[in-house]
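A.B. asks: pasting the structure only:
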């Protein structure tokens, strides 16, 4: 290789290295690196929404609000009326609400708070009770039961059904009423059940009632 050829090759290699090193600096999907890390986690957004709601209750009702919302489950029921702000993590929303009504400093969760566990045995006991009452056909629409832990002591019960969103409203309300009638305490679980939610086949809530 002569001197001139070597010089041309060297310049070409340098240009290629420069292109690789100086690229756009963005990930291959074109998004800025910091855009992902700066996004607020859903459980944090739920907590802050709950805290704002709880603080508003404290500001309007004073210290007595903390007892009412904590002991009587006010925050757990407010969460059912808070829409999508709470549904992303109902436990985080409730936790924020409880801190807000106590006028306590924010204590942001470090991860999702809501924990769901299925309980096939409890569902079967409910079905046995329903059959004894002669309403098995209606209750067979309940396909899964989940315990939804919201705080260390409070939980909701979710009944997943095969009801469609349009046709399941009357049946879901009757199902929720029957579950409340059947419920007679803790059913062997620690803590306090606050609400029963009936979900449609698409996973969306059809109705909810206080237990």
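C.D. replies: The structure has been received and is ready for your questions. Keep in mind that what you see is a predicted model, and the values were worked out from it rather than measured.
A.B. asks: let me see the mean pLDDT of the helix or strand hosting residue 92.
C.D. replies: Here residue 92 sits within helix 90-101, counting by DSSP states H and E. Mean pLDDT, computed over helix 90-101, is 97.
A.B. asks: domain-wise, how is this structure divided?
C.D. replies: Using automatic domain parsing, the domains assigned to the chain come out as 42-101, 115-210.
A.B. asks: lowest average pLDDT across those domains?
C.D. replies: Sorting the domains of the chain by mean pLDDT places domain 115-210 lowest, at a mean of 89.
A.B. asks: tell me how far the residue nearest the centre of the chain lies from residue 40.
C.D. replies: The centroid of the chain falls nearest to residue 89 when counting by Cα atoms, centre = their mean (2.6 Å). Here residue 89 is placed at a distance of 12 Å from residue 40 (Cβ to Cβ, to the nearest Å). (Each C-beta comes from the backbone N, C-alpha and C, glycine too.)
A.B. asks: about what we covered before: chain center to the helix holding residue 92, what's the gap?
C.D. replies: Mean C-alpha position of helix 90-101 versus that of the full chain (Cα atoms, centre = their mean, to the nearest Å) differs by 12 Å.
A.B. asks: output the contacting helices and strands for it.
C.D. replies: helix 42-61, helix 64-71, helix 74-79, helix 84-87, strand 142-149 (3 or more Cβ pairs under 8 Å, 6 or more residues apart in numbering; DSSP states H and E).
A.B. asks: need the winner for burial among the ones you listed.
C.D. replies: Comparing the helices and strands packed on helix 90-101 by mean neighbour count (mean count of other Cβ atoms under 10 Å), helix 74-79 ranks first with a mean of 24.
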